[in-house]
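Chemist: Need the 3D shape of this:
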Amino acid sequence: QEIEIGRIHAFPNHPFKVLDDEKMDTLVDSIRKNGILNPVIVRPDQSGNYEMISGHRRLHAARIVGLKKIPAIVKEMSDDEAIIKMVDANIQREEILPSEKAFAYKMKMDAMKRQGARNDIASSTSTQIGWKSETAEAIGKQVGESKNQVRRYIRLTELIPDLLDYVDKKRLQFTVAVDISYIDKEIQTWLFEYIKENGTVKAVQVAALRTALEAGPMTQDIYQKVKMCRCSNLTILLL
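Modeler: Coordinates of the predicted model:
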């Protein structure tokens, strides 16, 4: 059905970025010439309006063109069903940033776990761990990744935004970023400042830092005494 654009709102915490880039320009030109060929998918909300499930980019382009209404398929869905549908509809795009994958996988895994819990599947700690493995494996099969890789992406959600942005911009190596995600966010901030000044940080440096942190808490005063340097085995020296 045709729905007024003003009655459609974005999906909460939608992890996929809507950018005004060349692809958006192409989409805008296509809609201006041919209209919207594929309806968006929405679900009704409690206020009588609609929540976008699939079609955020088309909606943004339609607004740029100046359309007042947009063709939409309306589906009743629970919150968790909507999350899973939203992720599935967007995750197959050709170009997806690591940050988009990270939050999309996490949202879907959490939704799947809640669905399992409501069915009494996750009634114990050991079962919950098994469920986490099963959901990671299920997501991996759908997107062509191993369950461990899905878990690595989800770890990126533990990074501070500045470091996650560096991963997207390829200034921070993916595997190094995963290791950093296990470090306290305050110290992640210090690491971000180091990377900003020095260009990068290496896996051995992060590993050495994690080892140092396991020995005890690291205060700002102690951190100021930490020097990054290139050594054969250890690249962080505590003075």
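Chemist: State which helix of the chain is the longest.
Modeler: Across the chain, the longest stretch assigned as helix under DSSP state H is helix 98-118.
Chemist: And that one, how far out from the chain middle?
Modeler: Computed by CA atoms, centre = their mean, to the nearest Å, the separation of helix 98-118 from the middle of its chain amounts to 10 Å.
Chemist: So for that helix, what gets flagged as buried?
Modeler: Neighbour counts over helix 98-118 (16 or more other CB atoms under 10 Å) mark 98-109, 111-113, 115-116 as buried. C-beta here means a position set from N, CA and C on the backbone, and glycine is covered the same way.
Chemist: With stretch 146-158 instead?
Modeler: For stretch 146-158, using 16+ other CB under 10 Å, the buried residues are K147, Q149, V150, R151, R152, Y153, I154, R155, L156, E158.
Chemist: Backbone torsions only: list them for the closest residue to P44 other than its chain neighbours.
Modeler: Among residues not flanking P44 along the chain, Y50 sits closest, at 5.8 Å (CB to CB, 6 or more residues apart in numbering). Backbone torsions for Y50, taken as degrees, to the nearest 10, come to phi -140, psi 150.
Chemist: quick one: Y50 and H9 touch, right?
Modeler: Yes: between Y50 and H9 there is a contact under CB atoms under 8 Å: 7.4 Å.
Chemist: more crowded one of those two?
Modeler: A direct count of neighbours by other CB atoms under 10 Å for Y50 and H9 places Y50 higher, at 19 against 14.
Chemist: show me the contacts for that one.
Modeler: The contact partners of Y50, taken as CB atoms under 8 Å, 6 or more residues apart in numbering, are I3, R7, I8, H9, V42, R43, P44, A72, V74.
Chemist: among these, which ones are buried?
Modeler: Counted by 16+ other CB under 10 Å, the contacts of Y50 give I3, R7, I8, V42, R43, A72 as buried.
Chemist: what's the following helix or strand after the helix or strand where the last one lies?
Modeler: Using DSSP states H and E, A72 sits within strand 69-74. For strand 69-74, the succeeding helix or strand toward the C-terminus, using DSSP H and E, is helix 79-90.
Chemist: Alpha carbons only: can I get that next one in CSV?
Modeler: What follows is helix 79-90, C-alpha atoms only, in CSV (Å, rounded to 0.1, in the frame of the first residue of the first chain):
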residue,chain,number,x,y,z
ASP,A,79,10.2,-6.9,18.3
ASP,A,80,12.6,-9.8,17.9
GLU,A,81,11.0,-10.9,14.6
ALA,A,82,11.5,-7.3,13.4
ILE,A,83,15.1,-7.3,14.4
ILE,A,84,15.9,-10.5,12.6
LYS,A,85,14.0,-9.4,9.5
MET,A,86,15.7,-6.0,9.5
VAL,A,87,19.2,-7.6,9.8
ASP,A,88,18.5,-10.3,7.2
ALA,A,89,17.1,-7.7,4.7
ASN,A,90,20.2,-5.5,5.0
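Chemist: Just the buried positions in it, please.
Modeler: D80, A82, I83, I84, K85, M86, V87, D88, A89, N90.
Chemist: Likewise for stretch 57-66?
Modeler: For stretch 57-66, the neighbour count (16+ other CB under 10 Å) marks R57, R58, L59, H60, A61, A62, V65 as buried.
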